[in-house]
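Peer 1: I would like to see how this sequence folds:
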Amino acid sequence: MLEGHFIDPADMYDKMNQKDFVMIYCPRCQQRVEFPISHPNADGNYFQAINIPLEIAKIMTWKEPIICDGCNAKLDIEKEFEQPQRVELKVRIDCSNMNPGMDSWYDEHGRGYD
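Peer 2: So this is what the prediction gives:
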């Protein structure tokens, strides 16, 4: 009798918890890594780290840690505002659990043996 007047609870949960996704590449193994982001207008879209719209990039959040499935590296992701019109995500391997000095091995501009 009331067919079509109520939303299925599972559909309502999905609608309230809709996520967009960001695709990045692991600096260690070059494997593609996708992770969900939250923001008020999320509707299941996929973005690359270099083409996230500014209005989404400013307010998006994600759950840490992001782990690469290819090499099991814990990735440290932070927002970098390069220009007023563009935001890029900087992806590095999280070296917080390594011995001191080893993090420079994975830095893009590693200083070598100092």
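Peer 1: how about residue 46, what does it touch?
Peer 2: Taking Cβ atoms under 8 Å, 6 or more residues apart in numbering as the criterion, residue 46 is in contact with 20-23, 34. Every residue, glycine included, has its C-beta placed from N, CA and C.
Peer 1: for residue 78, grab the count of nearby residues.
Peer 2: For residue 78, the count of nearby residues is 8 (other Cβ atoms under 10 Å).
Peer 1: what bridges to it?
Peer 2: Listed by DSSP bridges, the beta-bridge partners for residue 78 are residue 90.
Peer 1: next one: it from residue 43, what distance?
Peer 2: Distance of residue 78 to residue 43, computed by Cβ to Cβ, to the nearest Å: 25 Å.
Peer 1: same check, this time on residue 93
Peer 2: Plainly put, residue 93 is 31 Å away from residue 43 if you go by Cβ to Cβ.
Peer 1: so between those two, which is more surrounded?
Peer 2: residue 93 (19 against 8).
Peer 1: could you measure that one against residue 76, distance?
Peer 2: With Cβ to Cβ as the criterion, residue 93 and residue 76 are 7 Å apart.
Peer 1: repeat for residue 61
Peer 2: 15 Å.
Peer 1: likewise residue 67?
Peer 2: Going from residue 67 to residue 76 by Cβ to Cβ gives 11 Å.
Peer 1: what of residue 96?
Peer 2: According to Cβ to Cβ, residue 96 stands 8 Å off from residue 76.
Peer 1: quick check on those two: which one has the bigger neighbour count.
Peer 2: residue 76 (17 against 8).
Peer 1: quick one: what helix or strand has residue 10 in it?
Peer 2: helix 9-16 (DSSP states H and E).
Peer 1: with residue 55 instead?
Peer 2: Per DSSP H and E: helix 54-57 holds residue 55.
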